[in-house]
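1. What follows is a predicted structure for the sequence shown.
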Amino acid sequence: MNKSICKVCEKEFENDRSFHAHLKAHDLRMVAYYQTYYPRHDLYDQKIIKFKNKNQYFSADFNTRTNLKLWLKDQPEQERQNYCENILKTKKEEKDLVYTPSQVELKSMLLPPIQYYNEVFGDYYKLCIRLGFKNKYQKITEIVEGAEWESPIYKIFIDTREQKPLKFKRPIEVRKLDYGDYSFSSSRATCNCYIERKSLSDFVGTLSGGYERFINEIKRAEDDGAYLVVLVESSLSNALNFQRLRHMSNKIKATPEFIFHRVRNLIQRYPFVQFLFVKGRKEASRVVNKIFISGCIHKRIDLQLAYETKAL
């Protein structure tokens, strides 16, 4: 375990927890201490890196995604490639990542999105294989809907506990599901896919106070060989900044950093789970149906990337 030495009084501590408690003796908050004694600056505008927690502070190169984009735009091609490749290597080592980071993971860590990696390297997934990651997905070409599954003889099953069911043009049937809120009447068509619908507030609550119950649900799906898509009725941008949204309760204590740290852990720990953020309930309905009739496409592509590039 790395020891911490106070830069104010040179006292040594066995761990960060005891050291951070000690800062009160100097009437110092963590943010003031680290920004004073370990100043780090945004690579683009040179402003001090905003402090949210120690790990975030020492790993962040930019305060905003806009600054990341502007800095990359100003760099020569080789420097862009070096930065993008090295930041992936660093995250792999720091977080002991096994699988190629998904679009949700990259954006929640303030890294360039997959589209940018494809622009700079040609193929993000080939780059990640070279860096030692395991690919769960492949590069998107197009999503072909299965004409067979479009038939109205196939229904969408809705869980009896779903309080705000989505509306569909095809027939539905309300029945008890062991996990998820929606499934298809042909598990062969979807490779046993289930979709868990959540509002943004539901999503935050599940990944905070309801986390252990959610883990149990995921494990039930795992035991049955099911695939679980967590579909959130909100854009990824809003989800990453939910504390700033007026309609979100000010009673929520969890931060976006805490919530998405858990999201990333789940994505890496359970390769049969994807998170997908869409713009509202109407889009959620369309996407649920699209996933169910597209021939198990969810097992081969990054759904968030597909949605953002309008392939889904």
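-> Yep, that arrived. Numbering: from 1, shown residues only.

2. list the contacts for residue 284?
-> Listed by C-beta atoms under 8 Å, 6 or more residues apart in numbering, the contact set of residue 284 reads 166, 197, 231, 233, 278. For the C-beta atoms, the positions are set from N, CA and C on the backbone; glycine is no exception.

3. Can you say which helix or strand has residue 194 in it?
-> strand 193-198 (DSSP states H and E).

4. contact partners of that strand?
-> 162, 166, 177, 179-184, 187, 206, 217, 221, 226-233, 284, 288, 291-292, 296, 298.

5. can you give me the mean pLDDT across it?
-> Averaging pLDDT along strand 193-198 gives 98.

6. which other helices and strands contact whichever helix or strand comes after that strand?
-> Later in the chain than strand 193-198, the nearest helix or strand by DSSP H and E is helix 200-206. If you count contacts as 3 or more C-beta pairs under 8 Å, 6 or more residues apart in numbering; DSSP states H and E, helix 200-206 packs onto strand 227-232, helix 236-240.

7. of all these, which gets the most neighbours per residue?
-> strand 227-232 (a mean of 23; mean count of other C-beta atoms under 10 Å).

8. The strand holding residue 194 to strand 227-232, inter-axis angle?
-> Counting by axes from the mean of the first three to the mean of the last three C-alpha atoms, to 10 degrees, strand 193-198 lies at 20 degrees to strand 227-232.

9. Distance from strand 193-198 to the middle of the chain?
-> Chain-centre distance of strand 193-198: 16 Å, with C-alpha atoms, centre = their mean, to the nearest Å.

10. buried residues in it?
-> 193, 194, 195, 196, 197, 198 (16 or more other C-beta atoms under 10 Å).

11. which among those residues gets closest to residue 74?
-> For these, the minimum distance to residue 74 (C-beta to C-beta) is 38.7 Å, reached by residue 198.

12. show me where the protein has strands.
-> In the chain, the strands defined using DSSP state E lie at 4-5, 12-13, 156-159, 172-175, 182-184, 193-198, 227-232, 273-277.

13. From the rest of the structure, what touches the fifth one?
-> If I follow you right, that is strand 182-184. 149, 154-159, 162, 166, 177, 190, 193-195, 197, 288, 292.

14. Filter these down to the buried ones and express that as a PyMOL selection.
-> For the buried members of the contacts of strand 182-184, the matching PyMOL selection, counting by 16+ other C-beta under 10 Å, is:
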select buried, resi 149+154+155+156+157+158+159+166+177+190+193+194+195+197+288+292
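
15. Domain map for the chain?
-> 4-57, 75-130, 147-308 (automatic domain parsing).

16. I'd like the mean pLDDT over the second one, please.
-> Just to be clear, that refers to domain 75-130. 96.

17. Same check on the first one?
-> Mean pLDDT, computed over domain 4-57, is 95.

18. And that domain, end to end?
-> 16 Å (C-alpha to C-alpha, to the nearest Å).

19. Quick check: buried residues in stretch 101-121?
-> Those would be 101-114, 116-118, 120-121, for stretch 101-121 by 16+ other C-beta under 10 Å.

20. just checking, which of the residues you listed belong to helices?
-> Within the buried residues of stretch 101-121, residues falling in helices by DSSP state H are 103, 104, 105, 106, 107, 108, 114, 116, 117, 118, 120, 121.
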